[in-house]
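**Q** Model the structure of this input:
(2 chains)
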There are 2 protein chains.
Amino acid sequence: MIKVSVLGYGTVGSGVVQILRENAELITKKAGQGIEVKSVLDLRDFPEDPVQELIVHDFEEIKNDDEVQIVVETMGGLHPAYEFVKASLESGKSVCTSNKALVAAYGPELLAVAQEKNVNFLFEASVGGGIPIIRPLKVSLAPEEILEISGILNGTTNYILTEMTDKGADFDSVLKEAQDKGYAEKDPTADIEGHDACRKIAILTSLAYGKQLDFEDIYTEGITKITDRDINYAKKLGAKVKIFGSSKKAGDKVSAMVAPKLIMPSHPLYSVDGVFNAILVKGNMVGDVMFYGQGAGKLATASAVVSDVIDESKHVNVNMKTLWDAEKLALMPLSEASSKFFVRVHGSREEVEKKVKNAFGAVTPVDAGYNDEFGFVTEEITEGAYEKAANEVSVINKIRFEG
Amino acid sequence: MIKVSVLGYGTVGSGVVQILRENAELITKKAGQGIEVKSVLDLRDFPEDPVQELIVHDFEEIKNDDEVQIVVETMGGLHPAYEFVKASLESGKSVCTSNKALVAAYGPELLAVAQEKNVNFLFEASVGGGIPIIRPLKVSLAPEEILEISGILNGTTNYILTEMTDKGADFDSVLKEAQDKGYAEKDPTADIEGHDACRKIAILTSLAYGKQLDFEDIYTEGITKITDRDINYAKKLGAKVKIFGSSKKAGDKVSAMVAPKLIMPSHPLYSVDGVFNAILVKGNMVGDVMFYGQGAGKLATASAVVSDVIDESKHVNVNMKTLWDAEKLALMPLSEASSKFFVRVHGSREEVEKKVKNAFGAVTPVDAGYNDEFGFVTEEITEGAYEKAANEVSVINKIRFEG
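**A** Numbering: from 1, shown residues only, chains lettered A, B, ... in the order given. Okay, the predicted model is just below:
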């Protein structure tokens, strides 16, 4: 029998307890022994919930409980999650977490402690919710030189963009509706400004190359500037607007970015709509592989956590080495990254086309029926070249275009 | 340094040698040590290929080579693959294989030998080529009660159906073209009759439930009866024809089948076209997860084999237990499985509609402009009820309909 402590009885933590109970029989078979929640750390009490008898309020109790071999961290936030996780590993317990902020910030350090103590630190649930992606990237794609990762990594923004596309609604009203439905948080900043996706692509890219990509170094653009006009242009182009966390090998360096992009129906992620997430990984041998599923949600995320618990229960005192050094990954300057750009500038086509062509070179006009602005798609140019050209005209918005 | 022997220097075997050489540096990092091909078993010689110096013609040499810790079986076929794999395991070597026929027929026995000898028998490449599916199903989805598996598991037939849909071409000419391009084999029977997909769904289903599903027990229908008329009806319905290997939990039993199906654009596998494969797994906690990629091809398949080699190199003398007992999985009789059916019967609508309704109950007519036949979609009925009703009319073809 393996004894587990859960830190934080919120959405994911309570899902972990639920799955370990409801699927106990099959989990016992898969793990080769029973897995039992011995204690749950939370500041609150839950008098109506059978979990109450497991509730402890002091982390020290868990840290000092030698019977507890696995600690599940589902509190979120950096502190005290970091301190608790580190202390758990140092006292010889394996840890698994759904906490992307923690993993993005302290991944290499915590992995090093786990290795030193011959225990494990796993974080399947930190990216893509219930989608198996961390373990496939580490183990199944181990033979691959990763050339590119492209992910729809945030369900809230994908839901908003899908609704804007399907219903022709504007950003603010869709956001409000998403908040009412519980698909977006009261403070939606982390989602709509791309911060959530940024931490996730930082984790995936660090794992792909075995070195640390700091999320602060990744150019991150949210979806708050996307309007119904952008969506209408997208439709004219036969494209959809999606927000991607992406990274790409470029010689000895890697480029990385979070930004909305226009993609065409031939793109493997074109049909990933609503709250679903999907991650495309391109390897030098295997080509494109794609993983799809619910990127959030109580039970989907908790399921990924429990898969880590089972894996750790089968590797007691055997460290499964994860390559992710503290050494920094060499990042290509943003200005050198290149793509096509869809651009909207103030002024009618008659008024500004010549100026646009002087600035951007050859462009393909897109007519969505607006007379007070001019929309067009550039050739593939660098971000630096785009910035230079954009200074020559009066840009309303731009969206990178993969087509 | 881990020493590997490769049995069979065909498409996949030569791909394994190529990947271990070309990605040697990163594989050494991931595995924590070098992985070197020490010998390659083949009856042939390859005087123009550097592999020649590794070629041996007698399996006994490999079996008796104590330096060889991992054997890669990429010969295909049941014999002597079975004998060689079993002997390798018995002599304390781990084995990985791309051979679905071998795994479907002897999986539980070979896993038991591996467990007894404290080595490993892995077969990621036996299903879905380069798509990570076996390991995610075993490990990442370990907490899940698997409710359903639905896979486009054969690239040749998916290519043929895609071409028939896109070009309006008939089956025979597309098959001929696929053979010319190397997408279909000279003897395409195993693909077009569904035998290949059948072995793959047998493997996935056995792993999902930990018991043996014999492929001979799975109802298997190929795509040879699909005509351009069926494709035109599908277009009228807004659907596509795809051939699925699928299984579903039904109480204490499991239903399983290989058959063409009509699916609508809302189906997660609708946009999986051409030679690509995809597998949808539904769990009781995680909901739908989907895996997509190249289901065949030298390097994609070889990459999956090499992921197993790396995993085995990290688990020397540590058996990673795989739940797959020889005990038979309880299969629901085909007659009890239910779905909607798209059916075409001889005779004009005027002539046969009444008879059809008498036999099938309520149906939805589909008009694709053919006056000599009547096409319709039934309500959801059992296979048994379908068979009974079909006896009352003159059926040209039927395709199960998920919509």
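
**Q** Let me see the ranges of the helices in chain A.
**A** A:11-22, A:24-31, A:59-63, A:81-90, A:100-116, A:134-135, A:155-167, A:171-181, A:189-192, A:195-209, A:228-237, A:298-313, A:349-360, A:383-390 (DSSP state H).

**Q** would you turn these into CSV with mean neighbour count?
**A** No exception for glycine: its C-beta is placed from N, CA and C like everyone else's. Listed next are those as CSV, based on neighbours: other C-beta atoms under 10 Å in any protein chain shown:
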stretch, mean neighbour count
helix A:11-22, 22
helix A:24-31, 17
helix A:59-63, 16
helix A:81-90, 20
helix A:100-116, 21
helix A:134-135, 23
helix A:155-167, 22
helix A:171-181, 16
helix A:189-192, 20
helix A:195-209, 26
helix A:228-237, 20
helix A:298-313, 27
helix A:349-360, 16
helix A:383-390, 17
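
**Q** For B:Val281, find the nearest of the ones you listed.
**A** Checking the helices of chain A against B:Val281 by C-beta to C-beta gives helix A:298-313 as the closest, at 11.6 Å.

**Q** what residues does the stretch 51-200 of chain A put near chain B?
**A** Proximity of the stretch 51-200 of chain A to chain B (C-beta under 8 Å from any C-beta of the partner chain) is limited to residues A:124, A:130-132, A:135-136, A:139-145.

**Q** Isn't A:Ser98 up against A:Ala300?
**A** No. In this structure, A:Ser98 is not within contact of A:Ala300 by C-beta atoms under 8 Å, at 10.6 Å.

**Q** Neighbours of the closest residue to A:Asp42 other than its chain neighbours, how many?
**A** If the residues on either side of it in the chain are set aside, A:Asp42 comes closest to A:Tyr9, at 4.3 Å by C-beta to C-beta, 6 or more residues apart in numbering or on different chains. Neighbours of A:Tyr9 under the rule other C-beta atoms under 10 Å in any protein chain shown: 24.

**Q** shouldn't A:Tyr9 be in contact with A:Val40?
**A** Yes. Between A:Tyr9 and A:Val40 there is a contact under C-beta under 8 Å: 5.1 Å.

**Q** Quickly list what's touching both of these two.
**A** A:Val17, A:Val51, A:Ile55 (C-beta atoms under 8 Å, 6 or more residues apart in numbering or on different chains).

**Q** Out of those residues, which comes closest to A:Thr382?
**A** Relative to A:Thr382, the closest of the shared contacts of A:Tyr9 and A:Val40 is A:Val17; by C-beta to C-beta it sits at 50.4 Å.

**Q** ok, the nearest residue to the closest one once chain neighbours are set aside - contacts?
**A** Among residues not flanking A:Val17 along the chain, A:Val37 sits closest, at 5.5 Å (C-beta to C-beta, 6+ apart). Taking C-beta under 8 Å, 6+ apart, we find A:Val37 in contact with A:Lys3, A:Val4, A:Ser5, A:Val6, A:Val16, A:Val17, A:Leu20, A:Arg21, A:Leu54.

**Q** bridging residues for the third one?
**A** If I follow you right, that is A:Ser5. A:Ser39, A:Val71 (DSSP bridges).

**Q** any idea how far it is from chain B?
**A** 18 Å (C-beta to the nearest C-beta, to the nearest Å).

**Q** Please apply the same query to the last one.
**A** To chain B, A:Leu54 is 19 Å away according to C-beta to the nearest C-beta.

**Q** Report how many residues lie close to the residue lying closest to that residue once chain neighbours are set aside.
**A** Among residues not flanking A:Leu54 along the chain, A:Val40 sits closest, at 4.7 Å (C-beta to C-beta, 6+ apart). Residues near A:Val40, counting by other C-beta under 10 Å, number 26.

**Q** what pLDDT does A:Ile226 get?
**A** pLDDT recorded at A:Ile226 is 97.

**Q** ok, now which ones touch it?
**A** Going by C-beta under 8 Å, 6+ apart, the list of residues near A:Ile226 reads A:Leu161, A:Met164, A:Phe171, A:Val241, A:Pro260, A:Asn397, A:Ile399.

**Q** Which secondary structure element of chain A has the lowest mean pLDDT?
**A** helix A:171-181 (a mean of 93; mean pLDDT, DSSP states H and E).

**Q** what's the distance between that one and the middle of its chain?
**A** 21 Å (C-alpha atoms, centre = their mean, to the nearest Å).

**Q** What are the contacting residues of that helix?
**A** Under the contact criterion C-beta under 8 Å, 6+ apart, helix A:171-181 has outside partners A:156, A:159-160, A:163-164, A:167, A:169, A:184-186, A:188, A:192, A:223-224, A:226-228.

**Q** What parts of the stretch 301-403 of chain A come near chain B?
**A** Contact residues, the stretch 301-403 of chain A versus chain B (C-beta under 8 Å from any C-beta): A:302-304, A:306-307, A:309-311, A:314, A:318, A:320-321, A:323.

**Q** change it to 10 Å
**A** When proximity is defined as C-beta under 10 Å from any C-beta of the partner chain, the stretch 301-403 of chain A approaches chain B at A:301-311, A:313-315, A:318, A:320-321, A:323.

**Q** From A:Ser150, how far out is the closest residue to A:Glu221 other than its chain neighbours?
**A** Residue nearest to A:Glu221 in three dimensions, not counting chain neighbours: A:Ala259, with 4.2 Å by C-beta to C-beta, 6+ apart. Per C-beta to C-beta, to the nearest Å, A:Ala259 is found 11 Å from A:Ser150.

**Q** between these two, what contacts are shared?
**A** A:Phe244, A:Gly245, A:Ser246 (C-beta atoms under 10 Å, 6 or more residues apart in numbering or on different chains).

**Q** Adding distance to chain B, neighbour count and pLDDT, write these out as a markdown table.
**A** Shown next, in a markdown table, are the shared contacts of A:Ala259 and A:Ser150 (distance: C-beta to the nearest C-beta, whole Å; neighbours: other C-beta atoms under 10 Å in any protein chain shown; pLDDT from 0 to 100):
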| residue | distance to chain B | neighbour count | pLDDT |
| --- | --- | --- | --- |
| A:Phe244 | 17 | 25 | 98 |
| A:Gly245 | 18 | 29 | 98 |
| A:Ser246 | 17 | 25 | 98 |
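
**Q** can you put those residues in TSV and add distance to A:Ala296?
**A** What follows is these, written out as TSV (distance: C-beta to C-beta, whole Å):
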residue	distance to A:Ala296
A:Phe244	17
A:Gly245	15
A:Ser246	20
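
**Q** check contacts around A:Thr301.
**A** A:11-12, A:15-16, A:74, A:98, A:124-126, A:128-131, A:294-295, B:285-286.

**Q** do A:Val395 as well
**A** A:Phe341, A:Val343, A:Arg344, A:Val345, A:His346, A:Tyr386, A:Ala389.

**Q** can you do 8 Å?
**A** Here A:Val395 is in contact with A:Val343, A:Arg344, A:Val345, A:His346 (criterion: C-beta under 8 Å, 6+ apart).

**Q** who wins for neighbours among those residues?
**A** A:Val343 (26 neighbours).

**Q** Find me the pLDDT at the nearest residue to it once chain neighbours are set aside, would you?
**A** Spatial nearest neighbour of A:Val343, excluding adjacent residues (C-beta to C-beta, 6+ apart): A:Lys398 at 4.7 Å. With respect to pLDDT, A:Lys398 has a value of 98.

**Q** Relative to chain B, how far out is A:Lys398?
**A** Taken as C-beta to the nearest C-beta, the span from A:Lys398 to chain B is 28 Å.
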